[in-house]
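**Student:** pasting the sequence and the predicted model now:
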Amino acid sequence: MTVTIRLNRIQGFSLIEAMIALVLIASGVLASSSLFAIAASSDSLARSMGAATIAAEDKLEWLAALYSRNPSAEELTPGTHGPVRSRIINPSDGTVLNRFDLAWTVSFVPDPRPGKGKEAKLVRVEATPVHANGAKNSRSPFNKVFNVATIFSLRMK
């Protein structure tokens with residue numbers, strides 16, 4: 001009678017293999033965390049630019065309504081006007097989400113036809129993010145200035 005004994009070799013990881021695996025995992029986690037930071041920064045910038053758009057377009061609409069009532073109003077004379085402080089408020093709890101200084105520039109639109117004149121004005125509104133104390137926002141992802149422009153004209157007869 002023959003007895004066969006089998007010895008199972010248990011194989012595992014060596015210390016070097018485990019350390020290499022840990023280094024690879026750690027570098028992957030660090031790389032993905034930087035991507036999350038970039039994504040969060042981009043989201044905040046998009047939110048800030050959206051708020052700046054709302055503030056600038058609101059001022060532009062206010063100036064358009066003023067132009068339709070009184071084209072020679074002081075706010076619509078050629079030159080630079082402002083800044084005027086604007087706040088974006090959270091409607092659910094009343095907290096201030098963003099603050100902007102709004103400045104606008106008014107200039108005449110020239111008519112390319114000789115001897116003709118247009119009663120039209122080019123209006124550019126610039127929204128600059130600011131802190132509660134009025135200082136410009138110097139945090140790099142949030143200090144983007146937003147500009148919007150349009151031409152105001154009375155209906156030609």
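**Tutor:** Okay, I see it.
**Student:** I'd like the mean pLDDT over the longest strand along the chain, please.
**Tutor:** Assignment by DSSP state E gives strand 96-108 as the longest strand of the chain. Regarding strand 96-108, the rounded mean pLDDT is 85.
**Student:** neighbouring strands - and their directions - for it?
**Tutor:** Applying DSSP bridges, strand 96-108 is found paired with strand 79-89 (antiparallel), strand 120-129 (antiparallel).
**Student:** list the buried residues in the longest one.
**Tutor:** Neighbour-count burial for strand 79-89, counted by 16 or more other C-beta atoms under 10 Å, picks out His81, Gly82, Pro83, Ser86, Ile88. Backbone N, C-alpha and C define where each C-beta goes, glycine included.
**Student:** tell me which of the strands paired with strand 96-108 sits nearest to Thr2.
**Tutor:** Closest of the strands paired with strand 96-108 to Thr2 is strand 120-129, at 87.5 Å (criterion: C-beta to C-beta).
**Student:** extract the C-alpha set from that closest one and format it as CSV.
**Tutor:** Only the C-alpha atoms of strand 120-129 are listed here, as CSV (Å, rounded to 0.1, in the frame of the first residue of the first chain):
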residue,chain,number,x,y,z
ALA,A,120,-29.2,104.5,-31.5
LYS,A,121,-26.9,103.9,-28.5
LEU,A,122,-24.5,101.0,-27.8
VAL,A,123,-24.7,100.0,-24.2
ARG,A,124,-22.2,97.7,-22.5
VAL,A,125,-22.8,96.4,-19.0
GLU,A,126,-19.9,94.9,-17.0
ALA,A,127,-20.5,92.8,-13.8
THR,A,128,-17.5,92.5,-11.5
PRO,A,129,-17.7,90.2,-8.5
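**Student:** how close does the residue nearest the centre of the chain get to Glu119?
**Tutor:** The centroid of the chain falls nearest to Met49 when counting by C-alpha atoms, centre = their mean (2.1 Å). Separation of Met49 from Glu119 (C-beta to C-beta, to the nearest Å): 33 Å.
**Student:** and the helix or strand containing Ser34, how far from the chain's centre?
**Tutor:** Ser34 belongs to helix 15-69 when assigned by DSSP states H and E. The chain centre lies 9 Å from the centre of helix 15-69; the measure is C-alpha atoms, centre = their mean, to the nearest Å.
**Student:** which strands or helices does that helix pack on?
**Tutor:** strand 79-89, strand 96-108, strand 120-129, strand 146-153 (3 or more C-beta pairs under 8 Å, 6 or more residues apart in numbering; DSSP states H and E).
**Student:** before I go, just wanted to say thanks for your time.
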